[in-house]
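1. What follows is a predicted protein model with its sequence.
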Amino acid sequence: MFQSSSVPAFQGLIAAIALAAVLAEAQSPAAWPQWRGPARDGVASGFTPPAAWPAQLSKQWEITVGAGHSSPVAAGNRIIVHSRIANREIVAAYDLKSGKQLWQDGVEAPYTVNPAATAHGPGPKATPAIADGRVFSLGISGIFSAHDLNTGKLLWRKNAPKTPVEYGNASSPVVDGSTVIAFLGGQNAGALTAIDAATGAVKWEWKGDGPGYSSPVIATFGGARLVIVQSQTKLIGVHATRGDLLWQVPLKTPYEQNSVTPIVIGDLVVSAGLDNPTLAFRIIASLGKGWSAEERWRNDDVSMYMSSPAAIGTTLFGLSNKNRGQFFAIDGTTGKTLWTTKGREAENASIVRAGEFLLMSTTNSELIVARANPARYDEVKRYSIANSATWAHPAFAGRTIIVKDVDKLIAWSL
């Protein structure tokens, strides 16, 4: 038993432990801080699959947050959502456990949807990025903003271009150290732009093409860090710290709808586009000869539109737009098709790897769980996760799955 003189010290120790726990939660690394997860590759590294998948998911809460296809992101106990309410684009933070709104900030952003994209609405479409206590969001007309993660205070903002991207900005920003990189500008007048994350000062711009609807990834080749992205008419590699173009590959899709996020498998960059084959390029830096992207394989069985793939080892899993949506597996070293499903799976899907499983959220408001089996399509469970279309990708935080449908945010747990 403690002596009475030890009680204050003991209480102080308990208070210190409690404070440390609060600080640890506040400073914990983001569970799902950006487009396609912690490493931007469709891997839910912090999500532990259950020993046995339940018959149903458990709904924790559901709230109305506004329209848009922008995907939720998560950091510590906060969920960030970029959405639209009337003519305002809203960035808001919600408590992960309760769904309670913690802060909200908005900007007037009237937008006229191209008639060909009416079904997709007036956005926003790009997914925010969280890093170092800041939230970076890109609106459908090109308004680029930075907010304080804890308070919602606006830190800096870049205005929309005079001529927006034809179907609205959808390229999600990426943070690289103290720099945030986003494909700004409009149709035929883009600028892949590196910005000081703290001040908003422009570090470099590459203005060789307009923005595509693809989101950039950062990878190292030949000892250099490269920003790799589909622009309006190309697949490009730009030096991450200098901003100069190192290599490019033509990419022509109907109506310039380049929208697949590239993925790196070993020393290969894999890319695809509507009415195009899936292609793998080896990126080569030759002394005295500069850089090149050498085609290593092509797969004409699989074409991708808006769904980006994920890899487990050297196997690539994804959703092809052929036959109204076919899940597929490709050997990432040779390009050989390992299997495809019959079709009519979905118009679009989020493909996420969690351990030995694939978690595939579709526009049909389903979450499909399948084993990542190179030999065959190996489905385990299907869950209904919303009552309206789910174009936004879920965020995975611990055992919680955060879903954004047409206008609601829903938290499910296992």
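-> Sure, I can see it.

2. switch to C-alpha atoms for all contacts and neighbour counts from now on
-> OK.

3. For W391, which residues are in contact?
-> 69, 348-349, 362-363, 404-406 (Cα atoms under 8 Å, 6 or more residues apart in numbering).

4. residues touching D105, list them.
-> Contacts of D105 (Cα under 8 Å, 6+ apart): 90-92, 152-154.

5. Can you give the distance from the host helix or strand of it to the centre of its chain?
-> Using DSSP states H and E, D105 sits within strand 101-108. Put simply, strand 101-108 sits 21 Å off its chain's centre (Cα atoms, centre = their mean, to the nearest Å).

6. mind listing what it pairs with, with the direction of each?
-> Strand 101-108 has the following sheet partners, assigned by DSSP bridges: strand 88-95 (antiparallel).

7. Of the contacts of W391, which is the most crowded?
-> For the contacts of W391, the largest number of neighbours (other Cα atoms under 10 Å) sits with K404, at 33 neighbours.

8. gap between that one and I385?
-> Separation of K404 from I385 (Cα to Cα, to the nearest Å): 9 Å.

9. what sits against the nearest residue to N169 once chain neighbours are set aside?
-> Computed as Cα to Cα, 6 or more residues apart in numbering, the closest residue to N169 that is not its neighbour in sequence is I140, at 4.5 Å. Neighbouring residues of I140 by Cα under 8 Å, 6+ apart: 111, 122-126, 168-170.

10. So I140, which state does it fall into?
-> Following DSSP: H, G, I helix; E, B strand; the rest coil, the label given to I140 is coil.

11. Please tell me how far it sits from S172.
-> For I140 relative to S172 (Cα to Cα), the value is 11 Å.

12. which residues do the two both contact?
-> Taking Cα under 8 Å, 6+ apart as the criterion, I140 and S172 both touch A126.

13. what's the least confident helix or strand in this protein, going by average pLDDT?
-> Between all helices and strands in the chain, the lowest mean by mean pLDDT, DSSP states H and E belongs to helix 7-27, at a mean of 38.

14. Could you tell me the average pLDDT over the helix or strand following that helix, please?
-> Downstream of helix 7-27, the first helix or strand assigned by DSSP H and E is strand 58-64. The average pLDDT within strand 58-64 is 98.

15. Parallel or antiparallel, which strands does strand 58-64 pair with?
-> Sheet partners assigned to strand 58-64 using DSSP bridges are listed as strand 408-413 (antiparallel).

16. gap between the strand it pairs with and the chain center?
-> Distance, centroid of strand 408-413 to centroid of chain: 18 Å (Cα atoms, centre = their mean).

17. Sketch out the strands for the stretch 51-200 of the chain, chain order is fine.
-> 58-64, 73-75, 78-85, 88-95, 101-108, 129-131, 134-138, 144-148, 154-158, 174-176, 179-186, 189-196 (DSSP state E, counting those that start in this stretch).

18. partners of the last one, with directions?
-> Strand 189-196 has these partner strands in its sheet, going by DSSP bridges: strand 179-186 (antiparallel), strand 202-206 (antiparallel).

19. Could you dump those into CSV with distance to T390 added?
-> What follows is the strands paired with strand 189-196, written out as CSV (distance: least, Cα to Cα, whole Å):
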stretch, distance to T390
strand 179-186, 24
strand 202-206, 33
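
20. Please identify the most buried of those strands.
-> Greatest average neighbour count among those goes to strand 179-186 (a mean of 26), per mean count of other Cα atoms under 10 Å.

21. Identify the residues contacting that one?
-> Residues outside strand 179-186 that contact it (Cα under 8 Å, 6+ apart) are 142, 160-166, 171-175, 190-197, 210-211, 216.

22. just to revisit the earlier point, now the residue nearest to N169. Its backbone dihedrals?
-> Dihedral angles of I140 (phi, psi; degrees, to the nearest 10) stand at phi -70, psi -30.

23. Ok, P254 next?
-> Main-chain torsions, P254, degrees, to the nearest 10: phi -60, psi 130.

24. Just the ones in strands from the contacts of W391, please.
-> Of the contacts of W391, the ones assigned to strands by DSSP state E are 349, 362, 404.

25. Give me the nearest residue to the last one, chain neighbours excluded.
-> By that I understand K404. Leaving out its chain neighbours, the residue that sits closest to K404 by Cα to Cα, 6+ apart is A392, at 5.8 Å.

26. Quick check: the one you found vs S307, distance?
-> 11 Å.

27. Also N348?
-> Distance, N348 to S307, using Cα to Cα: 6 Å.

28. what residues are shared contacts of these two?
-> Residues touching both N348 and S307 (Cα under 8 Å, 6+ apart) are L319.

29. one step back: looking at per-residue confidence, what score does the residue nearest to N169 get?
-> 97.

30. Could you give the number of residues near N387?
-> Quick note: N387 (other Cα under 10 Å) scores 12 neighbours.

31. Skipping its backbone neighbours, what lies nearest it in space?
-> Using Cα to Cα, 6+ apart, the closest residue to N387 is S365 (6.8 Å).
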